[in-house]
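> Have a look; sequence and predicted model below, questions after that.
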Amino acid sequence: METRTALVTGAAQGLGQEFAVALAGRGYRVAGLDLVPQPETAEKVLDYVELIGDITDEAQIRQALDHLIGQFGTLHVLVNNAGVYPSRPFEEITPEEWRRIMRVNLEAPFLLTRAVLPYLKAAGRGRVVNIVSAAVLTAPPTMVPYVASKMGLIGFTRSLAAALGPYDITVNAIAPSMVRTATAERTVGADGGFEHVRDQQVVPRIQQPSDLVSTLLYVVDEGSGFLTGQTLNVSGGSAYL
């Protein structure tokens, strides 16, 4: 069988790194795209291409893809994982910060998906996975722009699934709870955010990156070609779709 290739954004650490390692363990060749170098991820993945670039910049996306295709020749899976999630009162959010959150969380997946689409079509099949959030269901009051961006990404997932289904390309979303990563520790960990979310779940522990791996592998599996346009809520029962 052909060795499949996956591109994961935000692969330098946290959930993106966990996804890259898991895909490699399943036999994928993996490319990681991040703003920063990814030495830890590269150490853990045998067949890995490190791509450094800004996912909100079309030229940098194109340059990264040219390098990926030059190394691997093809692409089958895109995981839109990178995102930002500042937590503060709504009245403190500036228009500039609102636009930044929308660019990273919603516009970047559009730009990336549009850029990789020719390669997915050429491969004859493909998987696009968007990482959203269970926060769209719990609606925390200090994350208004984040929730708005992730709800928009769910709408993008649904409509894009209809557009790409004829090409044997599926599009799905995964909605985690609050995952313990280094970025989340800096953003919401200091004020007890992990414990607050944990106490709203029916599974009474803090979610780890490894809790999302089996869902990702299920969504990208060759046998999951009839699953598309869906949002899989993996949040310990903090909310229900």
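Looks like it arrived, so ask away. Residues are numbered from 1 along each chain as shown.
> Only C-alpha atoms from now on, for both contacts and neighbour counts.
Will do.
> following the lengthiest helix in the chain, which helix or strand comes up?
Determined from DSSP state H, the single longest helix within the chain is helix 144-164. Counting by DSSP states H and E, the next helix or strand C-terminal to helix 144-164 is strand 169-176.
> tell me the centre residue of the protein?
Nearest to the mean C-alpha position of the chain, by Cα atoms, centre = their mean, lies Asn81 at 1.9 Å.
> from memory Glu74 sits against Thr5, does it?
Heads up, residue 74 is Thr, not Glu. Yes: Thr74 lies in contact with Thr5 (Cα atoms under 8 Å); the separation is 6.7 Å.
> show me where this structure has strands.
In the chain, strands defined by DSSP state E lie at 5-9, 29-34, 48-52, 77-80, 126-131, 169-176, 231-234, listed in chain order.
> ok, back up a step: the longest helix of the chain - contacts with which helices or strands?
Packing partners of helix 144-164 (3 or more Cα pairs under 8 Å, 6 or more residues apart in numbering; DSSP states H and E): helix 95-102, helix 135-138, strand 169-176.
> where in the chain is pLDDT low?
Per-residue confidence of the chain (counting by pLDDT under 70) places the weak regions at 1, 187-191.
> who touches stretch 139-153?
84-90, 98, 101-102, 105-106, 130, 132-133, 135-136 (Cα atoms under 8 Å, 6 or more residues apart in numbering).
> distance between that stretch and the chain's centre?
Chain-centre distance of stretch 139-153: 15 Å, with Cα atoms, centre = their mean, to the nearest Å.
> ditto for stretch 126-139
8 Å.
> re the thing from before, quick one: the strands of the chain as TSV, columns for distance to Thr94 and mean neighbour count too.
Below are the strands of the chain laid out as TSV (distance: least, Cα to Cα, whole Å; neighbours: other Cα atoms under 10 Å):
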stretch	distance to Thr94	mean neighbour count
strand 5-9	26	27
strand 29-34	25	26
strand 48-52	28	22
strand 77-80	25	26
strand 126-131	25	26
strand 169-176	26	25
strand 231-234	30	20
